[in-house]
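Q: Okay, structure incoming, though there's no sequence with it:
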């Protein structure tokens, strides 16, 4: 019988490297939350606060929460600060309201109808300084002229009024008025702009299940009120003297509680899975927590370095199996990793669930069979169009050295080269450890990453012929031949990404024994310095 060679044309990736890209997570955390990750509002105790966020313009209205302390800077750029520089009674957190006429109203909904004793309000720095000094859009209170210098007819008797209306089951109960500024006194020495936290008595509203807020001013123009429509609120006190002070809000990490499913930084997207029922998360979060001493799960959002790479503020934290994608496709060069404080201290000291690395005992005090030769391994796998490319291993801790002085737990930002992955559109990250129990790995499955560097690539598909890499036969039963493999790396993996064959070839033809491979589909990857070839091969 005449034998015929079947040459299988493969997809060769021709690559042009362009500018470099860096993912460093900076600028993602602030001392305020304006709704970018709030999904329409936020909750505190018995109250739901409405928020409107426009991602197209990066603008917001309704309520935001803040811990900004800038009581001096004028203008819109300082819209999240109270003129007091802190919350009520020196507390950290408070609310800022931007009362826009272009939304469905600024309001608070109650989980359970209740009567309120009152709350504290003050001016925002933005509104306060605008009324005190005037600006390009709004007049100086007490002046005879508007922002354009024209006489405005107020005779300087200016005012800024907050009106609070109560409702119960849709029925109006009453309203309360509070002047945030008033320049109508006979004695001008009595004129004022509120610059302290001031109690507003709300008992007149009786029992309510919602309250609304509106602002009005003596300074009106063609497009409505000129005075910045902002005020600040804190310390809501109900009829049972239950106080709501917003101190539970944090500004130093993001854990996916907005249920967005992930976040973007630079040209990377990082997946997050948040369980609302349990308040737990996995995948990636980002943080600027600086606590590198406190042990335990309560400190899960901090890096052992106490900061990002090279002294930067923000970094990402991974928990469990995590993944990210590049958009567009990229050639990753390196990233920096370190341990979380939680994992680092658990390995260093042991805890109720995980052993102390280097010990011959597990967390229960039983001999665990490791002889103290412990390790925590990070594996980074690269994929392109769903096809596994290669993997990188990096030990976050290793106690297997003959000389105990060489044993280590990573406690600084350390560069991990990703160049062997070549071209990928996604990465996955998994942790394994020598310390395992009935429920899996005992070592806390956390690590931190920062400063991911990659090169942009333009990928062109070239239909190559016999002069390029060819694989035959396909399907294969025993011997798989790969031609034109001189000075290339050959990798064979199954569909799960497990590498079954990895060899550097210096021959023009490589013959690989497939007889012991199980029946199924395998991915053959041939890498040279300037291109990658991949092909699905069927084993019969």
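A: Received it, and whenever you're ready, just let me know what you need. None of the values given here were measured: they were computed from a predicted structure.

Q: burial measure for the residue lying closest to residue 219 once chain neighbours are set aside, as a count.
A: Ranked by CB to CB, 6 or more residues apart in numbering and with sequence neighbours excluded, the top spatial neighbour of residue 219 is residue 226, at 4.4 Å. C-betas here are computed from N, CA, C, even on glycine. By other CB atoms under 10 Å, the residues close to residue 226 number 21.

Q: what's around residue 260, how many residues?
A: Around residue 260 there are 14 residues (other CB under 10 Å).

Q: separation between it and residue 284?
A: According to CB to CB, to the nearest Å, residue 260 stands 12 Å off from residue 284.

Q: from what I can see residue 49 touches residue 96, true?
A: No. With contact defined as CB atoms under 8 Å, residue 49 does not count as touching residue 96 (10.7 Å).

Q: Which residue of those two possesses the greater neighbour count?
A: Taking neighbours as other CB under 10 Å, residue 49 and residue 96 compare with residue 96 leading, 25 against 21.

Q: residue contacts, that one?
A: By CB atoms under 8 Å, 6 or more residues apart in numbering, the contact set of residue 96 is 32, 63-66, 79-82, 124, 230-232.

Q: got any residues that touch both of residue 49 and residue 96?
A: Shared contacts of residue 49 and residue 96, defined by CB under 8 Å, 6+ apart, are found at residue 63.

Q: follow-up on the earlier one: pretty sure the residue nearest to residue 219 is in contact with residue 216, am I right?
A: No. Under the criterion of CB under 8 Å, residue 226 makes no contact with residue 216, lying 11.5 Å away.

Q: Pull out the buried residues from stretch 67-86.
A: Within stretch 67-86, the residues scored as buried using 16 or more other CB atoms under 10 Å are 67, 68, 71, 78, 79, 80, 81, 82, 83, 84, 86.

Q: quick revisit: what touches both of residue 260 and residue 284?
A: Joint contacts of residue 260 and residue 284 (CB under 8 Å, 6+ apart) are residue 272.

Q: Count the residues that sit near the closest residue to residue 431 other than its chain neighbours.
A: Once flanking residues are discounted, residue 431 sits nearest to residue 445: 4.9 Å by CB to CB, 6+ apart. Using other CB under 10 Å as the criterion, residue 445 is surrounded by 21 other residues.

Q: what residues are up against residue 445?
A: Here residue 445 is in contact with 319, 320, 343, 431 (CB under 8 Å, 6+ apart).

Q: List the ones among the residues you listed that fall in strands.
A: 319, 431 (DSSP state E).

Q: Same list (the contacts of residue 445) but as a markdown table, adding distance to residue 238, pLDDT and neighbour count.
A: Converted to a markdown table, these look like this (distance: CB to CB, whole Å; pLDDT from 0 to 100; neighbours: other CB atoms under 10 Å):
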| residue | distance to residue 238 | pLDDT | neighbour count |
| --- | --- | --- | --- |
| 319 | 37 | 98 | 24 |
| 320 | 40 | 96 | 16 |
| 343 | 42 | 98 | 27 |
| 431 | 46 | 98 | 21 |
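
Q: Outline the domain layout of this structure.
A: For the chain, automatic domain parsing gives the domain ranges 32-244, 253-459, 464-539.

Q: Tell me which of those sits nearest to residue 22.
A: Taking CB to CB, domain 253-459 is the member of the domains of the chain nearest to residue 22, at 5.4 Å.

Q: can you map out the helices along this protein?
A: 125-133, 341-349 (DSSP state H).

Q: Widest-spaced pair of the contacts of residue 445?
A: Pairwise over those, using CB to CB, the maximum falls at 320 and 343, 12.3 Å.

Q: ok, residue 222 to residue 271 distance?
A: 48 Å.

Q: who's more crowded, the two?
A: residue 271 (18 against 5).

Q: Show me what that one is bridged to.
A: residue 262 (DSSP bridges).

Q: so it touches residue 322, yeah?
A: Yes. Here residue 271 lies in contact with residue 322, judged by CB under 8 Å, at a distance of 6.8 Å.

Q: okay, and the common contacts of these two?
A: Taking CB under 8 Å, 6+ apart as the contact rule, residue 271 and residue 322 both touch 283, 284.

Q: So which residues of the stretch 101-250 of the chain form strands?
A: 106-122, 159-168, 171-182, 192-193, 198-201, 207-217, 220-221, 224-225, 230-238, 243-244 (DSSP state E, counting those that start in this stretch).

Q: Identify, out of the ones you listed, the most deeply packed stretch.
A: strand 230-238 (a mean of 23; mean count of other CB atoms under 10 Å).

Q: my read: residue 121 touches residue 178, true?
A: Yes. Using CB under 8 Å, residue 121 is in contact with residue 178, at 6.5 Å.

Q: intersection of neighbour lists for those two?
A: When contacts are counted by CB under 8 Å, 6+ apart, residue 121 and residue 178 are jointly contacted by 162, 198, 200.

Q: could I get these as JSON lines with distance to residue 248 and pLDDT?
A: Listed next are those as JSON lines, based on distance: CB to CB, whole Å; pLDDT from 0 to 100:
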{"residue": "162", "distance to residue 248": "25", "pLDDT": "98"}
{"residue": "198", "distance to residue 248": "24", "pLDDT": "98"}
{"residue": "200", "distance to residue 248": "22", "pLDDT": "98"}
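
Q: ok, so of those, who is nearest residue 339?
A: residue 198 (47.9 Å).

Q: Show the contacting residues for that closest one.
A: With CB under 8 Å, 6+ apart, residue 198 has these contacts: 120, 121, 122, 178.

Q: and the third one, what are its bridge partners?
A: To tie it back to what came earlier, the one meant is residue 122. Beta-bridge partners of residue 122, as defined by DSSP bridges: residue 232.

Q: Can you name the residues that contact it?
A: Contacts of residue 122 (CB under 8 Å, 6+ apart): 82, 83, 84, 180, 194, 195, 196, 197, 198, 231, 232.

Q: The fifth one and residue 121 touch, don't they?
A: Read that as residue 194. Yes. Counting by CB under 8 Å, residue 121 is a contact partner of residue 194 at 7.5 Å.

Q: what sits in contact with each of those two?
A: Listed as contacting both residue 194 and residue 121 by CB under 8 Å, 6+ apart are residue 180.

Q: returning to what we had before: make a markdown table out of the contacts of residue 445 and add distance to residue 190.
A: Shown next, in a markdown table, are these (distance: CB to CB, whole Å):
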| residue | distance to residue 190 |
| --- | --- |
| 319 | 58 |
| 320 | 62 |
| 343 | 61 |
| 431 | 66 |
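
Q: Of the contacts of residue 445, which is the nearest to residue 187?
A: residue 319 (62.5 Å).

Q: wait, doesn't residue 477 sit right on residue 514?
A: Yes. With contact defined as CB under 8 Å, residue 477 reaches residue 514; the gap is 7.2 Å.

Q: Could you check which of the two is surrounded by more residues?
A: Set residue 477 next to residue 514 and count neighbours by other CB under 10 Å: residue 514 wins out with 21 against 13.

Q: Give me the distance from stretch 199-207 to the chain's centre.
A: Distance, stretch centre to chain centre, for stretch 199-207: 39 Å (CA atoms, centre = their mean, to the nearest Å).

Q: Give me the contacts around that stretch.
A: 113-121, 162, 164, 166, 168, 173-176, 178, 211.

Q: where in the stretch 1-150 of the chain is pLDDT low?
A: 1-19 (pLDDT under 70).

Q: In the sheet, which residues pair with the nearest residue to residue 501 once chain neighbours are set aside? Tell me.
A: Leaving aside its chain neighbours, residue 501 sits nearest to residue 492 (3.8 Å; criterion: CB to CB, 6+ apart). With DSSP bridges as the criterion, residue 492 is bridged to residue 501, residue 524.

Q: what do you get for residue 531?
A: Bridge pairing for residue 531 - DSSP bridges - gives residue 14.

Q: burial count for the closest residue to residue 540 other than its chain neighbours?
A: Nearest non-adjacent residue to residue 540, counting by CB to CB, 6+ apart: residue 475, 4.8 Å away. Neighbourhood size, residue 475 [other CB under 10 Å]: 12.

Q: Kindly report the same for residue 219.
A: Residue 219: 24 neighbours (other CB under 10 Å).
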